[in-house]
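Trainee: no sequence on this one, just coordinates:
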C-alpha cells in the first residue's frame, strides 16, 4: 500500500549544520531593546530547508549555527551559490558587551572555526 509507513520514504530526513557565511547586525545594542540579527549561509541543494538555529548561551557569549533539515529522497536541484538569509531577534537584557561566535565550519584539522563579534551595550 502506498500510504504505509514502510513504503513512504518521502518523509525521511536528517539534520545538517551549515556554516554561516555572513552576518548583518547593529554595531551597538541599546539596553532593553530587541535587536534583529540577519544571518546568511549557502544552501547546497533544494533538499536543504532551514529548520532552526543552534543557539548556545553562556552568560553574554552566544554561539550560533544554522540547522537545516535535509530530505535526501527528493529530487532536488544542486546549487552553486544559493545564499539564504534568516533572522532572529535578540532581547538585550544585559549591560555587559555581547560576544557572538558564528560557526563557520571546520578547519583542515577538524577544529571548529568561528567568526567572533563583540557588541557593546549602551544604557
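Mentor: That came in fine, so what should we check first? Since this is a predicted model, take the numbers as computed values, not measurements. Numbering: from 1, shown residues only.
Trainee: residue 16 contacts residue 66, doesn't it?
Mentor: No. Under the criterion of CB atoms under 8 Å, residue 16 makes no contact with residue 66, lying 9.1 Å away. From N, CA and C alone the C-beta is placed, and that goes for glycine too.
Trainee: neighbour count for these two, which is higher?
Mentor: The neighbour count for residue 16 versus residue 66, taken as other CB atoms under 10 Å, is higher for residue 66 (25 against 14).
Trainee: contact partners for the more buried one?
Mentor: 17, 18, 19, 20, 39, 41, 50, 53, 54, 86, 103 (CB atoms under 8 Å, 6 or more residues apart in numbering).
Trainee: low-confidence stretches in this protein?
Mentor: Where the chain drops to pLDDT under 70, the residues are 1-11.
Trainee: can you map out the helices along it?
Mentor: Counting by DSSP state H, the chain forms no helices at all.
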